[in-house]
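In: Just to be clear, the model below is a prediction. Sequence and coordinates:
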Amino acid sequence: MFFDSHAHLDDKRYDSDRYEMIMRAREKGVSGIINVGYDIPSSMRSIALAEEYDFIFAAVGIHPHDAADAGAEALEQVRLLAAHPRVAAIGEMGLDYYRNLSPRDIQQKVFRQQISLAKEINKPIIVHDRDAHGDVMQILKEEDAAINGGVLHCFSGSVEMARECIKMGFYISIAGPVTFKNAGKICEVAVEVPLDRLLIETDAPYLTPEPYRGKRNESAYVIYAGKRIAELRGISSAELAEATSRNAQKLFGIKNI
Ligand code: NI
């Protein structure tokens, strides 16, 4: 049973077959899914999915791409949404210096504000980091962000950075790119992260793993990252599935799925 620690199943690309797609994940043995918001409407849709399916849980938050549009009002809305019993985490939040869809100073401010909120309401955080490793690490440290746990989703840093995150108390989540033929340092990270700190995810509908690369991703495909990581580590898929499911349940405070 694999746990998909990061997906966006509310995406409009699933509008024609969402129920079937979610059932496929269940049939393939996906034990649980965190559906992650990136702005207020998607956070609300995440909660709606979590109300509808008992193995789906919501994360609510503001993605760095959407930070520029998020005023104090949006942060208040995240706070209100976070009180819902199906909300397991705050996020996704972080920095994205690859696309820079919001100015960097605003990304940083909204990232810090959400860390503070998560600390205040005792929730773990889901961190997005693209081409912003240095500033992400600095903010996580300055804000003492690991206090209620958290995960660096779709990890793309070095082995050294992974070690530093783990020392701070974070989990490392690995997504579909670990299956790519040209996957580089993420394969080293996949082997180096202690088994009790590792999560896996799809980030569906993005980052589709081999053998479906180029097509729409879905939660059922979390198995491919899982199998590849198990192979790299020289352990069975079952062992990896069990460990990463257990880790997700611990981090997100989920019982009995
Ligand atoms: Ni995401």
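Out: Sure, I can see it. Since we're looking at a predicted model, the values are computed, not measured.
In: For the closest residue to residue 13 other than its chain neighbours, give me its contacts.
Out: In space, and not counting its chain neighbours, residue 13 is closest to residue 205: 4.8 Å by CB to CB, 6 or more residues apart in numbering. For the C-beta atoms, the positions are set from N, CA and C on the backbone; glycine is no exception. By CB atoms under 8 Å, 6 or more residues apart in numbering, residue 205 lies in contact with 8, 11, 13-14, 216-218.
In: again with residue 59
Out: Contacts for residue 59 (CB under 8 Å, 6+ apart) come out as 34-37, 43, 46, 87-92, 126.
In: JSON lines for the residues you listed, including neighbour count and secondary structure?
Out: As requested, the contacts of residue 59 are exported to JSON lines (neighbours: other CB atoms under 10 Å; DSSP: H, G, I helix; E, B strand; the rest coil):
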{"residue": "34", "neighbour count": "29", "secondary structure": "strand"}
{"residue": "35", "neighbour count": "30", "secondary structure": "strand"}
{"residue": "36", "neighbour count": "29", "secondary structure": "strand"}
{"residue": "37", "neighbour count": "29", "secondary structure": "coil"}
{"residue": "43", "neighbour count": "28", "secondary structure": "helix"}
{"residue": "46", "neighbour count": "30", "secondary structure": "helix"}
{"residue": "87", "neighbour count": "23", "secondary structure": "strand"}
{"residue": "88", "neighbour count": "28", "secondary structure": "strand"}
{"residue": "89", "neighbour count": "29", "secondary structure": "strand"}
{"residue": "90", "neighbour count": "29", "secondary structure": "strand"}
{"residue": "91", "neighbour count": "30", "secondary structure": "strand"}
{"residue": "92", "neighbour count": "30", "secondary structure": "strand"}
{"residue": "126", "neighbour count": "31", "secondary structure": "strand"}
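In: between these, which is nearest residue 242?
Out: Taking CB to CB as the measure, residue 242 lies nearest residue 34 of the contacts of residue 59, at 17.8 Å.
In: got the contact list for the closest one?
Out: With contacts defined as CB under 8 Å, 6+ apart, the neighbours of residue 34 are 4-7, 56-59, 88-89, 126, 248, 252.
In: So of those, which two are at opposite extremes in space?
Out: Farthest-apart pair in the contacts of residue 34 is 56 and 126; separation 14.8 Å (CB to CB).
In: Next, check the contacts of residue 34 against the helices and list the overlap.
Out: Taking DSSP state H, the ones among those that sit in helices are 248, 252.
In: Please report how far the residue nearest to residue 13 lies from residue 215.
Out: Distance, residue 205 to residue 215, using CB to CB, to the nearest Å: 9 Å.
In: can you map out the strands along the stretch 101-250 of the chain?
Out: With strands called from DSSP state E, counting those that start in this stretch, the stretch 101-250 of the chain shows them at 125-130, 150-152, 171-174, 198-200.
In: Model confidence for the closest residue to residue 27 other than its chain neighbours, exactly?
Out: Leaving aside its sequence neighbours, residue 27 sits nearest to residue 220 (CB to CB, 6+ apart; 7.6 Å). Looking at residue 220, its pLDDT reads 98.
In: Does residue 220 touch residue 28 like I think?
Out: Yes. Judged on CB atoms under 8 Å, residue 220 makes contact with residue 28 at a distance of 4.3 Å.
In: more crowded one of these two?
Out: residue 220 (22 against 15; other CB atoms under 10 Å).
In: and the more buried one, what does it touch?
Out: Applying CB under 8 Å, 6+ apart to residue 220 gives the contacts 21, 24-25, 27-28, 30.
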